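Participant: The following comprises the amino acid sequence and a computationally predicted model.
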Amino acid sequence: MARTDDDSWDITESVGATALAVAMARANETVTDSPLFTDPCAQLFLDAAAARGWRPPTGAMAQRIRAIGDYAASRTKWFDEFFLAAGAAGIRQAVILAAGLDARAWRLPWIHDSVVFEIDQPQVLRFKEDVLAAHRVAPKARHVAVPVDLRRDWPKALREADFDTTEPTAWSVEGLLPYLPADAQDQLFERITELSARDSRIAVEAFSAEFFSEDHLARRREQIEKMRAQAGDNDEDMPDPERLWFVEDRAYVPDWLSQHCWEVGALPADDLMARYHRTLPADTTEGTMSTEFVEGVFTETHSG
């Protein structure tokens with residue numbers, strides 16, 4: 001099903017199901033001999049979804065998840081380190097945008113009096129909280145769910161959840177931007193900036209223009225079809241990216257943030273993976289990923 005401006009989803013459908021795919025990658029990393037991180041909650045989510053009738057991907061989709069496993073692990077580790085560094089700098093307020101099945105509020109060693117706000121679709125957040133409560137997994141910081149679509153007035157919902165605009169905040173934007181229209185991406189960063197006190201920090205998985213180019217998408221489709229053929233798949237367990245993404249020209253994130261009083265640095269995905277001694281298979285997007293990991297500090301002081 002193609003995306004629309006007002007669509008919604010549960011954890012086992014549309015964009016929600018991608019959170020389960022990421023949970024699979026995290027669960028796979030957790031049981032490796034030398035994991036970059038451990039996430040014992042990931043398997044709990046997979047088991048709970050299966051109990052609701054969700055079928056774990058097989059064939060080409062499972063192969064694809066394994067192929068990008070090192071990228072997913074490197075991404076997770078980078079965002080983990082971002083929050084730990086923010087805490088070490090004294091930031092006690094965090095906002096995870098499009099939280100999905102991210103379990104950082106439950107597994108990271110947050111500093112005393114930290115609060116973690118998670119924004120996502122109501123059904124997704126409810127599923128996560130229900131699963132963790134059923135297994136008596138307690139958060140390691142004060143956890144506040146903010147069930148609202150990011151295309152709606154989420155700043156109002158965040159304020160009503162006792163978000164403090166006078167305190168520095170650590171913001172994360174992980175695995176999100178392709179699922180937003182280009183104008184919604186701009187609005188997202190505008191709202192983050194408006195809500196940020198001086199010295200707030202932001203971490204973004206940013207996507208280059210090449211990522212959305214027709215040549216790149218065509219290569220991805222070709223690889224997907226090759227995986228399907230190799231696995232003997234005849235179903236649609238491996239959807240084309242265009243079914244879930246808004247493939248539109250959009251602002252280059254480092255430039256946008258720099259122009260709005262954020263002091264930023266960007267690390268290409270290949271360099272990030274090299275930092276953690278991880279690589280992509282040569283036949284996966286030509287062995288590279290057209291993403292950057294952008295980190296910024298807000299240098300402005302809002303008046304009033």
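Facilitator: In hand now; what should we look at? Numbering: from 1, shown residues only.
Participant: wait, isn't Ala21 in contact with Ile65?
Facilitator: Yes - the pair Ala21 / Ile65 is scored as a contact, 5.8 Å apart, by C-beta atoms under 8 Å. Where C-beta positions appear, they are placed from N, C-alpha and C, glycine not excepted.
Participant: Which neighbours do those two have in common?
Facilitator: Residues touching both Ala21 and Ile65 (C-beta atoms under 8 Å, 6 or more residues apart in numbering): Pro57.
Participant: Three-state assignment for Gly53, please.
Facilitator: Three-state call for Gly53 (DSSP: H, G, I helix; E, B strand; the rest coil): coil.
Participant: burial measure for it, as a count.
Facilitator: 7 (other C-beta atoms under 10 Å).
Participant: what's the answer for Leu108, then?
Facilitator: Based on other C-beta under 10 Å, the number of other residues close to Leu108 is 21.
Participant: List the residues that contact it.
Facilitator: If a contact means C-beta under 8 Å, 6+ apart, then Leu108 has 80, 83-84, 140-141 as its contacts.
Participant: who touches Phe117 in this structure?
Facilitator: 93-96, 144, 146, 158, 161, 163.
Participant: With respect to Gln121, which of those residues is nearest?
Facilitator: Distance to Gln121 across the contacts of Phe117 (C-beta to C-beta) is lowest for Val146, with 10.9 Å.
Participant: what about that closest one, neighbour count?
Facilitator: 21.
Participant: Quick check: the gap between it and Pro155.
Facilitator: 10 Å (C-beta to C-beta, to the nearest Å).
Participant: thinking again about what came up before, show only the entries of the contacts of Leu108 found in helices.
Facilitator: Within these, residues falling in helices by DSSP state H are 80, 83-84.
Participant: What ranges does this protein have for its strands?
Facilitator: 93-97, 115-120, 142-147, 169-173, 201-207, 262-268, 291-298 (DSSP state E).
Participant: Can you check which of those strands gets nearest to Ala133?
Facilitator: In terms of C-beta to C-beta, the element of those nearest to Ala133 is strand 142-147, at 11.0 Å.
Participant: Show me what that closest one pairs with in its sheet, parallel or antiparallel.
Facilitator: According to DSSP bridges, strand 142-147 forms sheet pairs with strand 115-120 (parallel).
Participant: roughly how far out does the strand it pairs with sit from the chain middle?
Facilitator: With C-alpha atoms, centre = their mean, to the nearest Å as the basis, strand 115-120 stands 13 Å off its chain's centre.
Participant: and the angle from that strand to strand 169-173?
Facilitator: Using axes from the mean of the first three to the mean of the last three C-alpha atoms, to 10 degrees, the inter-axis angle of strand 115-120 relative to strand 169-173 is 30 degrees.
Participant: Mind checking the pLDDT average for strand 115-120?
Facilitator: The average pLDDT within strand 115-120 is 97.
Participant: Mind exporting the C-alpha coordinates of it to PDB?
Facilitator: Extracted as PDB, the C-alpha positions of strand 115-120 are listed here (Å, rounded to 0.1, in the frame of the first residue of the first chain):
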ATOM      1  CA  VAL A 115      13.500  11.600  31.700                       C
ATOM      2  CA  VAL A 116      13.000  10.000  28.200                       C
ATOM      3  CA  PHE A 117      10.100  11.100  26.100                       C
ATOM      4  CA  GLU A 118       9.200   8.800  23.300                       C
ATOM      5  CA  ILE A 119       7.000  10.000  20.400                       C
ATOM      6  CA  ASP A 120       5.300   7.600  18.000                       C
END
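Participant: What residues of it count as buried?
Facilitator: 115-120 (16 or more other C-beta atoms under 10 Å).
Participant: could I get the residues you listed as a markdown table with distance to Arg221?
Facilitator: Output for these, formatted as a markdown table (distance: C-beta to C-beta, whole Å):
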| residue | distance to Arg221 |
| --- | --- |
| Val115 | 42 |
| Val116 | 37 |
| Phe117 | 37 |
| Glu118 | 33 |
| Ile119 | 31 |
| Asp120 | 28 |
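Participant: burial count for Ala161?
Facilitator: 16.
Participant: ok, it touching Pro147?
Facilitator: No - look at Ala161 against Pro147 with C-beta under 8 Å: they stay out of range, at 9.7 Å.
Participant: Which residue ranges of this protein form helices?
Facilitator: Remark: helices assigned in the chain by DSSP H are 14-30, 41-51, 59-67, 69-88, 104-107, 122-134, 154-160, 182-195, 214-231, 253-258, 269-275.
Participant: most surrounded residue in the ones in helices among the contacts of Leu108?
Facilitator: Most neighbours among these, by other C-beta under 10 Å: Phe83, with 24 neighbours.
Participant: From Val95, how far off is the closest residue to Ala103 other than its chain neighbours?
Facilitator: Leaving aside its chain neighbours, Ala103 sits nearest to Cys41 (3.8 Å; criterion: C-beta to C-beta, 6 or more residues apart in numbering). In this structure, Cys41 and Val95 are 19 Å apart, going by C-beta to C-beta.
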